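1. Got a predicted structure here, sequence first:
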Amino acid sequence: MSTARTPFTLAPVSGVRSETVRSANLATILRELHFHGPASRSELVARTGLTRSAIGALVGELVKADLVSEQRAASDGSPGRPSPVAAPIPERNVTLAVDVAVDSLGVAAVGLGGVVLRSERIDRPRERVAVDATIDDIVAMVGRIEAALDPGVRVLGIGVGVVGLVNRTDNSVSIAPNLGWHDVAFGDRLQRALGRKVDVVVSNDADLAALAEVRRGVATGAREVLYVWGEVGVGGGLISRGEPITGAAGFAGEVGHVPVNPDGRPCRCGSTGCWETEIGEGALLERSGRSPDGGRDAVDALLADADAGVPAALDALAVEARWLGIGLAGLVNVMNPSMVVLGGLLGRVFPYVHDEVLAEIDRRALASARRGVVVVSSALAGDAPMLGAAELAFEPVLADPLGTLRKISTRR
């Protein structure tokens, strides 16, 4: 009689330390409060599945760390004592968010819970987009923002969105065609210029806009999202099963450089006929008879002409709608999203061309992929990349609240 042999060897399984469980539970509670706002202990029990006594102890630790405050709720007339309400403390715990666009720079202080405490945006001429000038301007803006904050504020991190391909492994910008940047160690250089001990994290602006929209905008709760951000250039953020698709080096989502027109215009990336050469700001303005470098003021004037029924503006928007629909149809076939969100210039243009864009998608997309897809404008408008940068900078403290605070305190 033979003895059956186990077909594989069981690897030893290590137990989970109580400290690891505690840290994960603290993160769960802080994320709930950050994303959904103040909540009573009873509500936190229902949302997290933790016991009431565990919630009380964990919230107490977050209160002691000055991340959360807790107050007794007003009585609603029901029997028993009201459950205390926990809330994040935004004025004490902030991240600094930076948005590096082609025509402007934005900086904001965003408090825990997603509250924008202070923000500033400046227009800049395109001859001032060099790396050194950009860093100088950011440093000055950060100084002004911080001067307006409470002296006791705690900066938890700095998030930066850039209109280009960002290598998330080292926070460098590999290429930003519309800025003329190539292989720039932007995160390191900005951190040195700011003289900060907290981390500076850099990502693509469209990826951050998608993150903000999923967490705080029109796509909240959606799990399969295609976000397309368009201004001078065009980029995309891809969300699948609620998580971003970033690719091997963080370059996924460069939808603006998908070739759509072999006979089209040269692109600043070095190719020809990229999607952004057909739907970007320059193409739209040029078709309306304006300078392609006219910027936001020229876009405002074009849309005002469209409102007034000026034929040149309407014709330019009709061509924009066709190319926007062509590109979106291909992306719907590839990704099969439940929602497409258009941000920046594209979000502003979409209400003018809604029917034409949807008709183009219907004409070109596979019926099975197209079915159920909703196309909408961003709810966060031009602030989406900056709000996403803030969310990126909050990630360490949301993942490990007390551990991150310890790291920050030891660096000072």
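-> Perfect, thanks for sending it.
2. which element follows the lengthiest helix in the chain toward the C-terminus?
-> When the chain is parsed with DSSP state H, its longest helix is helix 311-335. As assigned by DSSP states H and E, the chain's next helix or strand after helix 311-335 is strand 339-344.
3. Compute the inter-axis angle for that following strand and helix 311-335.
-> Orientation check (axes from the mean of the first three to the mean of the last three Cα atoms, to 10 degrees): strand 339-344 against helix 311-335 gives 140 degrees.
4. in this structure, what spans have low per-residue confidence?
-> Residues of the chain meeting the criterion pLDDT under 70: 1-17, 73-82, 411-412.
5. Next up, the contacts around the residue nearest to the spatial centre of it.
-> Among the residues of the chain, the one closest to the centroid is L208, at 2.2 Å (Cα atoms, centre = their mean). Counting by Cβ atoms under 8 Å, 6 or more residues apart in numbering, L208 touches G159, G161, G237, A384, P385, M386, L387, G388, A389, E391, L392. For every residue, glycine as well, the C-beta is placed using N, CA and C.
6. Out of those residues, list just those in strands.
-> G159, G161, G237 (DSSP state E).
7. Format those as CSV; extra columns: distance to D99 and neighbour count.
-> Converted to CSV, the ones in strands among the contacts of L208 look like this (distance: Cβ to Cβ, whole Å; neighbours: other Cβ atoms under 10 Å):
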residue, distance to D99, neighbour count
G159, 10, 29
G161, 5, 31
G237, 14, 33
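8. Pick out whichever of these sits closest to R121.
-> Taking Cβ to Cβ as the measure, G161 is the one of these closest to R121, at 12.8 Å.
9. Tell me the spacing between the closest one and G187.
-> 12 Å (Cβ to Cβ, to the nearest Å).
10. where do the contact lists of the two overlap?
-> With Cβ under 8 Å, 6+ apart, G161 and G187 have common neighbours V202.
11. Test my guess that A381 contacts G347.
-> Yes: using Cβ atoms under 8 Å, A381 makes contact with G347 at a distance of 6.6 Å.
12. Pick out whichever of these two has more residues nearby.
-> G347 (23 against 12; other Cβ atoms under 10 Å).
13. Secondary structure element holding the more buried one?
-> Secondary structure (DSSP H and E) places G347 in helix 345-364.
14. What segments of the protein are helices?
-> Going by DSSP H, the chain shows helices at 18-36, 41-48, 52-64, 131-147, 186-194, 205-216, 276-279, 281-287, 295-307, 311-335, 345-364, 367-370, 384-399, 401-411.
15. Pull the distance from the last one to the chain's centre.
-> Looking back up the chat, that one is helix 401-411. Here helix 401-411 is found 24 Å from its chain centre; the criterion is Cα atoms, centre = their mean, to the nearest Å.
16. same for it, what does it pack against?
-> Judged by 3 or more Cβ pairs under 8 Å, 6 or more residues apart in numbering; DSSP states H and E, helix 401-411 is in contact with helix 18-36, strand 154-162, helix 384-399.
17. what do you get if the cut-off is 10 Å, keeping everything else the same?
-> For helix 401-411, the packing partners by 3 or more Cβ pairs under 10 Å, 6 or more residues apart in numbering; DSSP states H and E come out as helix 18-36, helix 52-64, strand 154-162, helix 384-399.
18. For the longest helix of the chain, buried residues please.
-> Of all the residues in helix 311-335, those buried under the rule 16 or more other Cβ atoms under 10 Å are 313, 316-317, 319-332, 335.
19. cool, and stretch 147-165?
-> Buried residues in stretch 147-165 (16+ other Cβ under 10 Å): 149, 153-165.
20. Is the closest residue to V59 other than its chain neighbours bridged to anything, and to what?
-> Using Cβ to Cβ, 6 or more residues apart in numbering and skipping residues adjacent in sequence, the residue nearest V59 is A86, 5.0 Å away. With DSSP bridges as the criterion, A86 is bridged to A39, E70.
21. isn't A86 right up against S42?
-> No: using Cβ atoms under 10 Å, A86 is not in contact with S42, being 11.1 Å away.
22. Please identify which of those two sits among more neighbours.
-> A86 (27 against 15).
23. who are the neighbours in contact with that one?
-> 29-30, 32-33, 38-41, 43-44, 55-56, 58-60, 62-63, 67-71 (Cβ atoms under 10 Å, 6 or more residues apart in numbering).
24. Quick check: F35 touching I29?
-> No: F35 is beyond contact range of I29, at 11.2 Å (criterion: Cβ under 10 Å).
25. Among the two, which residue is more densely surrounded?
-> I29 (24 against 15).
26. which residues touch that one?
-> 39, 44, 47-48, 50, 54-55, 58-59, 61-62, 67-68, 86, 401.
27. domains for the chain, by residue range?
-> What automatic domain parsing lists as the domains of the chain is 93-207, 218-379.
28. Let's have the ones you listed in a markdown table, adding distance to N25.
-> Converted to a markdown table, those look like this (distance: least, Cβ to Cβ, whole Å):
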| stretch | distance to N25 |
| --- | --- |
| domain 93-207 | 18 |
| domain 218-379 | 21 |
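29. For P396, which of those domains is the nearest?
-> domain 93-207 (6.3 Å).
30. For the residue nearest to V59, give its distance to A130.
-> 46 Å.
31. just A209 next, same as before
-> Taking Cβ to Cβ, one finds A209 at 24 Å from A130.
32. When those two are compared, which one has more neighbours?
-> Taking neighbours as other Cβ under 10 Å, A209 and A130 compare with A209 leading, 33 against 12.
33. tell me how far stretch 324-338 is from the chain's mean position?
-> 20 Å.
34. wait, V131 sits on D188?
-> No: using Cβ under 10 Å, V131 is not in contact with D188; the gap is 11.7 Å.
35. The two: who's more crowded?
-> V131 (18 against 14).
36. how about the closest residue to that one other than its chain neighbours, what does it touch?
-> Once flanking residues are discounted, V131 sits nearest to V184: 5.4 Å by Cβ to Cβ, 6+ apart. For V184, the contacting residues are V131, T134, V162, G164, V166, S172, V173, S174, I175, A176, L190, V202, by Cβ under 10 Å, 6+ apart.
37. Same question for R363.
-> Per Cβ under 10 Å, 6+ apart, neighbours of R363: G325, I326, A329, R370.
38. Go again with 8 Å.
-> Residues near R363 by Cβ under 8 Å, 6+ apart: G325, A329.
39. can you check the one 3 residues further on too?
-> Each residue near L366 by Cβ under 8 Å, 6+ apart is listed here: V332, N333.
40. Appreciated, that's everything.
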